[in-house]
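Visitor: give me coordinates for this.
(2 chains)
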Number of protein chains: 2
Amino acid sequence: MRGVAIAGFGLVKIGEHWNKSIKDLFAEASLMAMDRAEVKGVDHIYVANMAGAGLQSQLNMGPMMAHALGLAGTPATRIESGSASGGLAFHEAVKAVSSGINDIVLVGGVEKMTDGPPEVVNTSIAMEEDQEYTAYTGITKIGLSALLHRLYMNRYNVPPEDVAMMAVKGQEHAVGCGHAQYPFKLSVERVMSSPMEADPIHMMECSGIGDGAAALVLCPADQKSTAVEVASSQVSTDAYQITDRDDPLTLGAVERAADRAYNAVRITPGELDLAEVHDDVSINGILSIESLGLAERGEGARLVAESGTDLDERIPVNTFGGLKARGNPLGATGLYQLVEVAMQLEGIAGKNQVDGAEVGLAQNMGGTASICTVNILRRTSR
Amino acid sequence: MRGVAIAGFGLVKIGEHWNKSIKDLFAEASLMAMDRAEVKGVDHIYVANMAGAGLQSQLNMGPMMAHALGLAGTPATRIESGSASGGLAFHEAVKAVSSGINDIVLVGGVEKMTDGPPEVVNTSIAMEEDQEYTAYTGITKIGLSALLHRLYMNRYNVPPEDVAMMAVKGQEHAVGCGHAQYPFKLSVERVMSSPMEADPIHMMECSGIGDGAAALVLCPADQKSTAVEVASSQVSTDAYQITDRDDPLTLGAVERAADRAYNAVRITPGELDLAEVHDDVSINGILSIESLGLAERGEGARLVAESGTDLDERIPVNTFGGLKARGNPLGATGLYQLVEVAMQLEGIAGKNQVDGAEVGLAQNMGGTASICTVNILRRTSR
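Guide: Presented below is the predicted three-dimensional model:
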């Protein structure tokens, strides 16, 4: 196994891109990444996309994107694991370079959610859960998270405002972020007075619907003196339904992936300089913070509410706004997180910069944490 | 990079499995493969599935299948590239073991096509083509192949009966094959008198709709003395639309993947003992035979018609019937091919056995050859 470095990255501002196709979006982010990496071609392309079958009636996106980049002929693989598609595609891309089978690999994620009617977005998101068991009952993915939210508040005696602060802090970080879908502040009062999406989850605790694409170019660590390398890339899964877990507030997939990553890098969670976590709804961000070992059980919401995850505090979290504020274009989300960590480690994060950031983590989940990827990047001397 | 061996394999008879879910089918083939490999767990699971979003409204099948196998926690990745999903998942599984990141890997493919209404099968298959350009016109995937079929007959002055012999020979090989969907003989007259699916393609030149699953367990070549190892695993893509290719009868993705594989193994096509090729419709099988270098351009149909691909002839092709007769459960098809090659090399192919088979090839395509995987397996001393 050889080391893997980040040779380049690119992303598109998340929003409503009515005038751009999924090919356009994918190509825009990918060509940006390739320009930055100073490569004209790659050995393999990994395409992360979740809901293209429902939203664009499009499968087989690997060769489609290779062709869209002017690289027809290049081997290409589409990876899908619901909302974890991006982080998982990155994991497979790391394997490809690490194996020595590929040298230069492009991994890009794209999702175009504003094309389709809202019900197709909703049914696509429901496809992350077991159709024969969970989704069949009619419960939505946010409905499942609402059960966790209620249980969390009850068990740990946490006020709803503390959980809502996950969204408030994300929005704070997104102000002035060029690629964020919602780059503006949000008060906790505004969150609490927004409509109920699924009691006790308010609309303003949920990530929105957006179009976006993000991409990275990977290369062998010894072939190019780049600033950022992959310290560890881990994946784990859990019982598919939350009802099959010993304790639904324990995100086993997150814990296992994180533990393996920390062991591989030989660090403790406290040694991380920043973390991008999967806050598709605020409670999932809070539970992720805890399962990543950044706060004790039941303490995650308070850590956030007491500003412990601010940019200049103990553990900066979601430094460009996270899924809530930067945006959550499903299959691309995990790659936005990784581009953001790379930007931090390269010191080009502008007003979002975490001073002296050397080690950063990206955590990306699919389903209700039925799968989780944890990727840790590290700055090396150029 | 280290060598990769086949530790075990399993498959389900292709048919109409009304009483089995996609989880049941996947688990049945996978547990068979794990039993044969004598393993209770694996380091990573690759799931090949193409049309689950349309047919079962199911995404995120990685953790679903891990859980279904009693292996919740095990990392899992779903791979999709249309009908090439199976071969591509195998390619990624080979990378995983080759890299040293994973030791024991399960790669399984599943498709359950008889569940949904026929129009969902048709729209799912259309998703392998570009929705904004090709499928948008209303042409079906078989319609695209019909253009190639007509062009082939015209350019090389080939009678339609010669192309149809691809189906006839497949059906001949399927007789007595336990896992084949259609294990019976078919006359060329019966093919030619079957209804036109898309002129000049007759219904009996097309693979059918079926449910199935196939799986293999991979391990490092030096960790277990198995009979079969992976000699080379290659992927290539082509211009996504056939209208963007210099010559639509040249399957560039097949040629490139095959050339790389032959070079890696240091053999010529003539040294293969058997080949499983992607005959979703007969003309695609013929063009594949030519692009794989098993026949000269324009000679493929004649090679088949003159029995050159029979089990005891120069180059046995589709030794269990191919997609037409064994069956074509889309995302699982590429893995059926690989299990069949492994069975041949282990010498357990029964009446389908190619005597003394030592090197076999499996070729799996997505779209209209917009992507192709070529995997070559080789028998080693136990």
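
Visitor: which stretches of the stretch 251-382 of chain A have low pLDDT?
Guide: A:381-382 (pLDDT under 70).

Visitor: contact partners for the closest residue to chain B within chain A?
Guide: As assessed by C-beta to the nearest C-beta, chain B sits closest to residue A:99 within chain A, at 3.2 Å. Using the backbone N, CA and C atoms, a C-beta is placed for each residue, glycine as well. Neighbour list for residue A:99: A:1, B:1, B:95, B:96, B:98, B:99, B:100, B:101 [criterion: C-beta atoms under 8 Å, 6 or more residues apart in numbering or on different chains].

Visitor: which strand or helix spans residue A:219?
Guide: Following DSSP states H and E, one finds residue A:219 within strand A:211-220.

Visitor: and that strand, how far from the chain's centre?
Guide: Mean-position distance between strand A:211-220 and its chain equals 13 Å (C-alpha atoms, centre = their mean, to the nearest Å).

Visitor: that strand packs against which elements?
Guide: With contacts defined as 3 or more C-beta pairs under 8 Å, 6 or more residues apart in numbering or on different chains; DSSP states H and E, strand A:211-220 has these neighbours: strand A:4-11, helix A:22-37, helix A:85-98, strand A:105-112, helix A:330-346.

Visitor: compute the inter-axis angle for that strand and helix A:85-98.
Guide: 20 degrees (axes from the mean of the first three to the mean of the last three C-alpha atoms, to 10 degrees).

Visitor: which parts of chain A are strands?
Guide: A:4-11, A:44-48, A:76-80, A:105-112, A:196-198, A:201-202, A:211-220, A:228-237, A:274-276, A:359-366, A:371-379 (DSSP state E).

Visitor: winner for burial among those strands?
Guide: Ranked by mean neighbour count, the strands of chain A are led by strand A:105-112 with a mean of 32 (mean count of other C-beta atoms under 10 Å in any protein chain shown).

Visitor: name every strand pairing with that one and say which way it goes.
Guide: Applying DSSP bridges, strand A:105-112 is found paired with strand A:44-48 (parallel), strand A:211-220 (antiparallel).

Visitor: ok now it, how far from the chain's centre?
Guide: Taking mean C-alpha positions (C-alpha atoms, centre = their mean), strand A:105-112 and its chain are 12 Å apart.

Visitor: average pLDDT for the strand holding residue A:219?
Guide: Averaged across strand A:211-220, pLDDT comes to 98.

Visitor: ranking the helices and strands packed on strand A:211-220 by burial, who's on top?
Guide: It is strand A:105-112: most buried of these by mean count of other C-beta under 10 Å, with a mean of 32.

Visitor: roughly how far apart are residue A:356 and residue A:347?
Guide: Residue A:356 sits 9 Å away from residue A:347, going by C-beta to C-beta, to the nearest Å.

Visitor: what does residue A:54 give?
Guide: 39 Å.

Visitor: go on, residue A:331?
Guide: From residue A:331 to residue A:347 the distance is 28 Å (C-beta to C-beta).

Visitor: and the residue nearest the centre of chain A?
Guide: Geometric centre of chain A, nearest residue: residue A:334, 3.0 Å, by C-alpha atoms, centre = their mean.

Visitor: who touches that one in this structure?
Guide: Counting by C-beta under 8 Å, 6+ apart, residue A:334 makes contact with A:48, A:83-90, A:109, A:362, A:364, A:373.

Visitor: residue contacts, the residue nearest to it when sequence neighbours are not counted?
Guide: Spatially, and ignoring its direct neighbours in sequence, residue A:334 is nearest to residue A:86 (2.6 Å; C-beta to C-beta, 6 or more residues apart in numbering or on different chains). Going by C-beta under 8 Å, 6+ apart, residue A:86 touches A:48, A:109, A:214, A:331, A:332, A:333, A:334, A:335, A:336, A:337, A:338, A:364.

Visitor: so what's the residue count around residue A:184?
Guide: Other residues within reach of residue A:184, judged by other C-beta atoms under 10 Å in any protein chain shown, total 12.

Visitor: what sits against it?
Guide: A:171, A:174, A:175 are the contacts of residue A:184 under C-beta under 8 Å, 6+ apart.

Visitor: now these as CSV including neighbour count, pLDDT and distance to residue B:136?
Guide: What follows is those, written out as CSV (neighbours: other C-beta atoms under 10 Å in any protein chain shown; pLDDT from 0 to 100; distance: C-beta to C-beta, whole Å):
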residue, neighbour count, pLDDT, distance to residue B:136
A:171, 25, 98, 39
A:174, 26, 98, 37
A:175, 16, 97, 41
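
Visitor: mind checking which of these land in helices?
Guide: Residues from those lying in helices, with DSSP state H as the criterion: A:171, A:174.

Visitor: turn the contacts of residue A:184 into a markdown table, columns for distance to chain B.
Guide: Converted to a markdown table, these look like this (distance: C-beta to the nearest C-beta, whole Å):
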| residue | distance to chain B |
| --- | --- |
| A:171 | 28 |
| A:174 | 27 |
| A:175 | 33 |
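
Visitor: kindly reformat the contacts of residue A:184 as a markdown table containing distance to residue A:65.
Guide: Below are the contacts of residue A:184 laid out as a markdown table (distance: C-beta to C-beta, whole Å):
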| residue | distance to residue A:65 |
| --- | --- |
| A:171 | 32 |
| A:174 | 28 |
| A:175 | 33 |
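
Visitor: from the contacts of residue A:184, pick the one nearest residue A:63.
Guide: Distance to residue A:63 across the contacts of residue A:184 (C-beta to C-beta) is lowest for residue A:174, with 35.2 Å.

Visitor: so what does the residue lying closest to that closest one once chain neighbours are set aside have for phi and psi?
Guide: Excluding the flanking residues, the one nearest residue A:174 by C-beta to C-beta, 6+ apart is residue A:321, at 2.9 Å. The phi/psi pair for residue A:321 (degrees, to the nearest 10) reads phi 120, psi -20.

Visitor: quick check: residue A:321 touching residue A:178?
Guide: No. The criterion here is C-beta atoms under 8 Å, and residue A:321 misses it with residue A:178 at 11.2 Å.

Visitor: more crowded one of these two?
Guide: A count of neighbours by other C-beta under 10 Å puts residue A:321 above the other of residue A:321 and residue A:178, at 31 against 10.

Visitor: the nearest residue to residue A:111 once chain neighbours are set aside - how many residues pack around it?
Guide: The shortest distance from residue A:111 to any non-neighbouring residue, by C-beta to C-beta, 6+ apart, is to residue A:329 (3.8 Å). Applying other C-beta under 10 Å, we find 35 residues neighbouring residue A:329.

Visitor: pull the contacting residues for residue A:365.
Guide: Residue A:365 neighbours (C-beta under 8 Å, 6+ apart): A:83, A:84, A:251, A:253, A:254, A:278, A:280, A:284, A:288, A:371, A:372.

Visitor: let's see it at 10 Å
Guide: The contact partners of residue A:365, by C-beta atoms under 10 Å, 6 or more residues apart in numbering or on different chains, come to A:81-84, A:87, A:128, A:238, A:251, A:253-254, A:257, A:277-280, A:284, A:287-288, A:291, A:323, A:333-334, A:371-374.

Visitor: right, I'll call it a day here.
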